[in-house]
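>>> Would you be able to build a 3D model of this:
(2 chains)
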Amino acid sequence: NAGVTQTPKFRVLKTGQSMTLLCAQDMNHEYMYWYRQDPGMGLRLIHYSVGEGTTAKGEVPDGYNVSRLKKQNFLLGLESAAPSQTSVYFCASSFPFGTGAFLRDYGYTFGSGTRLTVV
Amino acid sequence: AQSVTQLDSQVPVFEEAPVELRCNYSSSVSVYLFWYVQYPNQGLQLLLKYLSGSTLVKGINGFEAEFNKSQTSFHLRKPSVHISDTAEYFCAVTEGEYGNKLVFGAGTILRVKS
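Prediction:
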């Protein structure tokens, strides 16, 4: 089925370890995003990308890095995990803003999430 | 920067009663507005969206929302809720150049009781 796929679904890390979360979409979306979800805080944007080879910081970028080497993939890296990074991570993708057909289809498709625990 | 306020963190309601989940956003410039639903241990599913045109938007599962530009609100309503509507609901609004970022509210947990 078309959509956004996140791997892994669950992970437990020790403080200081590193890991990479993978997001893959097969809808030919230009834009991709990484959010984290914490209780009572909704979803907060970590990093995003408006096209292959581009990345930009969101609201809470510290401690994370991202790469978009291929249009369909968006990787989120934690170089040295901290307990404060315990969260549920969601990837999303979308068409760019626009009119006509793009406006009708404008919206964000989310993956099913990655639950990360840092101990 | 855009911000989204969901005025109620939890809303308890009895089955078959009507419900309104409130959402206000900060900017009066042109925005796109969304409501998402998250069932326990699942991802986010789009309920409905306002992009342009009629201010009353109908979505899936019998939900609707009304865009009020003067009050910068986008409240979600359902005339008769079911137990299966128990979930967390998120209001979101676009921000940034070309609307390329989505800003979320903190969420409202809807608890439907029998």
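>>> so where's chain A uncertain?
Of all residues in chain A, those with pLDDT under 70 make up the ranges A:1-2, A:97-105.
>>> and if we set it to 80?
Regions of chain A meeting the criterion pLDDT under 80 cover residues A:1-2, A:96-107.
>>> for chain B, what are the nearby residues on it?
A:31, A:33, A:35, A:40-45, A:48, A:50, A:58, A:90, A:92, A:96-97, A:103-104, A:106-108, A:110-113 (Cβ under 8 Å from any Cβ of the partner chain). Glycine gets a C-beta too; all of them are placed from N, C-alpha and C.
>>> Return the residues in contact with residue 78.
I went with chain A, as the question did not name one. With contact set as Cβ atoms under 8 Å, 6 or more residues apart in numbering or on different chains, residue A:78 has these partners: A:13, A:18-20, A:63-64, A:85.
>>> hmm, I had chain B in mind actually
Shown here is residue B:78, whose contacts under the criterion Cβ under 8 Å, 6+ apart are B:18-19, B:61-64, B:85.
>>> Out of these, list just those in strands.
Using DSSP state E, the subset of the contacts of residue B:78 located in strands is B:19, B:64.
>>> Which one of the contacts of residue B:78 is nearest to chain A?
Distance from chain A was checked for each of these by Cβ to the nearest Cβ. The minimum falls on residue B:63, at 15.5 Å.
>>> wait, what's in contact with the closest one?
Taking Cβ under 8 Å, 6+ apart, we find residue B:63 in contact with B:35, B:47-48, B:76-78.
>>> Go through those residues and name the one nearest residue B:41.
Residue B:41 has its nearest neighbour among the contacts of residue B:63 in residue B:47, at 18.3 Å by Cβ to Cβ.
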